[in-house]
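> Need a 3D model of the following:
(2 chains)
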Amino acid sequence: MRTRFAPSPTGYLHVGGLRTALYSYLIAKQTKGEFLLRIEDTDQERSVEGTVESILRSLEWAGISPDEGVVLKGTSVDQVGKVGPYFQSERLDVYKKYAQELLEKGHAYPCFCTADRLAQMRDDQTKAKQAPMYDRLCMSLPKEEAAKRMANEPHVLRLKVPRTEVITFEDDIRGKLSFQGHVVDDQVLLKSDGFPTYHLAHVVDDHLMKIDIVIRGEEWLSSLPKHLLLFRYLGWTPPRYAHVPLLLNKDKTKLSKRQGSVSVEEYITKGYLPEALLNFLAMLGWNSGTTQELFSLEELIDAFSIDRVQKSGAIFDLEKLDWLQGQWMRKIEPPEFAERILPLVAEKYPDAKKDKDFAKKAALIQERLTLFPEAPEMMSFFYEEPKVTVDLLANEKQKVTSADVPKILALLTSTLESIDDWTLPNIQSALEKLATEGYKKGQILWPLRAALTGKPFSPGAYEVAEVLGKEETIKRLTAALKSIS
RNA sequence: GGCCCCAUCGUCUAACGGUUAGGACAGCGGGUUUUCAAUCCGCUAACGGGAGUUCGAUUCUCCCUGGGGCUGCCA
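Okay, the predicted model is just below:
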């Protein structure tokens, strides 16, 4: 099947957009079809320079790049495919042609009303507790007069909605839907600047681009009857539609910027993995019917089906995203993990770049970290001398009093100094032996770990000592002893 | 206001007339552990309300209530 994602270039890719793009992509891929990207830039005022690239980059990051339409070629934007152009602003003549056809067939009419009059009209209607709708003043204009005025007056083209009809449709997610014609407004199809509105443009494009199923947000549901009418008047069979439920804020309103991060870019910079975000978004409103929680893109392609998509909105709750992030983080192969965090750590500690043991150190924090940017802080003690205080070295829970600390540090130093072959098993057995001679394990390991890292939380004492090396370990123990005396 | 859509634990959801209403996240408790994380085990927690259909409704129908979306020469 051919599916599409058709964003407006007005800002960054929204997480809700990424979800509909994902669903569209999944359907295309599981049917060995094509996933298209079309840019809906019909509102000149709202278009923002650079956002097409940004949207494409976010999609690429997520791994769901389009097969056809507007694509990224290196760092620049390109168009591929036979049914383009894929920027709506480059298809104005196409829309005009079909608008003309609608006009000739009597399904559309010109309207010369000014913005002021329309505003006044809506105001009056609202005050009279009526639904704001175009009052069809211009519909009754004689043909000749309308034609004459069209030649030299600014005007729009409106859809003539059959008021007595009931328009029904079967949505892929919602099932049977029906709308009373008399509550559907005579939608503007062609604006006075010659650009089409979304309504006309998407109908024309989805037909011409042979889209089989349109997946879009629920906010479009109420304009569906207009779209269905357009398909009919143009003599075309409408595609299937699947209106996916909205992503919601905690207060159940439509997900908005004010209440948290909504752009994919923000999640990228925060350090989320594409696997985690995609997995999370996929499960928000869809489930496989099994108890499987972790899905790779490949697995989603196999498992996804539109009829298992939920009808009700889903709150965008970050807690599960973070859990998924942790799951995917731990799935990364350790060498790759090290490679990915190296630039971040090196930014703060340039020595990391030359560090032969970097991968070994990285491995120690992998399962402790949720987001990549946490790495420098978690690895700080490898690259700077820890600041150690008695308060840190002593620990009530481990039964280490501040009076014990100097004795324990001295004992640790002499024990570790006697190790010739500095390996993890040797360190471990030496310390375990020490633990049988008076002190408890926690009483020697807590001060050791604290002295080596300067942190209340960190990887384990044995591992840290091992990777730090004998010399540095002794040095830190000595320094710790000195700093508290 | 009008129209449309929706309604199971706090959150994401399973159930397609008969279940002790299941799972996951979060929360809580515990095991493991030198800390944290990870991991393992356990616990708390839901069918919005009312009619109807039916031997039997979370499930089907209607009404109510609640929530959301739309109501632009924006998408």
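> For RNA strand B, what is the nearest residue in chain A?
A:Gly460 (2.3 Å; CB to the nearest atom of the strand). Heads up, the C-betas are built off the backbone N, CA and C, glycines and all.
> So what's the residue count around that residue?
A:Gly460 sits with 13 neighbouring residues when counted by other CB atoms under 10 Å.
> Might you report the residue contacts of it?
With contact set as CB atoms under 8 Å, 6 or more residues apart in numbering, A:Gly460 has these partners: A:364, A:445, A:449.
> was I right about A:Ile424 contacting A:Glu466?
That one is not Ile; residue A:424 is Leu. Yes. Between A:Leu424 and A:Glu466 a contact is recorded at 4.6 Å, counting by CB atoms under 8 Å.
> what about the two, which has more around it?
A direct count of neighbours by other CB under 10 Å for A:Leu424 and A:Glu466 places A:Glu466 higher, at 21 against 12.
> per-residue confidence for that one?
A:Glu466 carries a pLDDT value of 95.
> Please apply the same query to A:Val94.
Per-residue pLDDT puts A:Val94 at 97.
> residues contacting the closest residue to A:Glu153 other than its chain neighbours?
In this structure, A:Glu153 finds its nearest non-sequential neighbour in A:Phe112, 5.5 Å apart by CB to CB, 6 or more residues apart in numbering. By CB under 8 Å, 6+ apart, the residues touching A:Phe112 are A:138, A:141, A:149, A:153-155.
> Setting aside sequence neighbours, what's the nearest residue to A:Leu431?
Using CB to CB, 6+ apart, the nearest residue to A:Leu431 is A:Ile444, at 6.3 Å.
> Give me every residue in the stretch 151-300 of chain A lying close to RNA strand B.
Within the stretch 151-300 of chain A, the residues that sit near RNA strand B (CB under 7 Å from any atom of the strand) are A:154-156, A:174-175, A:177-180, A:183, A:185, A:188, A:191-193, A:195, A:197-199, A:218-223, A:245-246, A:248, A:251-254, A:283-287, A:289, A:291, A:293.
> how much space between the residue nearest to A:Gly469 when sequence neighbours are not counted and A:Arg19?
Nearest residue to A:Gly469 in three dimensions, chain neighbours excluded: A:Trp422, at 6.6 Å (CB to CB, 6+ apart). A:Trp422 sits 51 Å away from A:Arg19, taking CB to CB, to the nearest Å as the criterion.
> And A:Lys176, by the same measure?
Per CB to CB, A:Lys176 is found 24 Å from A:Arg19.
> Compare the two (neighbour count), which wins?
Set A:Lys176 next to A:Arg19 and count neighbours by other CB under 10 Å: A:Arg19 wins out with 25 against 8.
> quick one: which helix or strand includes the more buried one?
Assigned by DSSP states H and E, A:Arg19 falls within helix A:15-30.
> now that helix, how far from the centre of its chain.
11 Å (CA atoms, centre = their mean, to the nearest Å).
> next SSE after that helix?
Proceeding N to C from helix A:15-30, the next assigned helix or strand is strand A:34-37, under DSSP H and E.
> sorry, back to before: just flag the most distant two among the contacts of A:Phe112.
Within these, A:Leu141 and A:Pro154 form the most distant pair, 15.0 Å apart (CB to CB).
> Give me the more crowded residue out of the two.
More crowded of A:Leu141 and A:Pro154, by other CB under 10 Å: A:Leu141, with 17 against 11.
> how about the strands in the stretch 201-350 of chain A?
All strands of the stretch 201-350 of chain A, identified by DSSP state E, counting those that start in this stretch, fall at A:213-217, A:240-244, A:247-248, A:314-315.
> Pull out the buried residues from the first one.
Residues of strand A:213-217 classed as buried: A:213-217 (neighbour count, 16 or more other CB atoms under 10 Å).
> Including pLDDT and distance to A:Thr3, could those residues go into TSV?
As requested, the buried residues of strand A:213-217 are exported to TSV (pLDDT from 0 to 100; distance: CB to CB, whole Å):
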residue	pLDDT	distance to A:Thr3
A:Ile213	97	6
A:Val214	98	8
A:Ile215	97	7
A:Arg216	97	11
A:Gly217	96	15
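> Tell me which two of these sit farthest apart.
A:Ile213 and A:Gly217 (14.5 Å).
> buried ones in stretch A:438-448?
Residues A:439, A:443-448 are the ones in stretch A:438-448 that count as buried (16+ other CB under 10 Å).
> Let me know whether that stretch sits next to RNA strand B.
Yes. Using CB under 7 Å from any atom of the strand, stretch A:438-448 reaches RNA strand B at A:441-442, A:445-446.
> Nice, that's everything, thank you.
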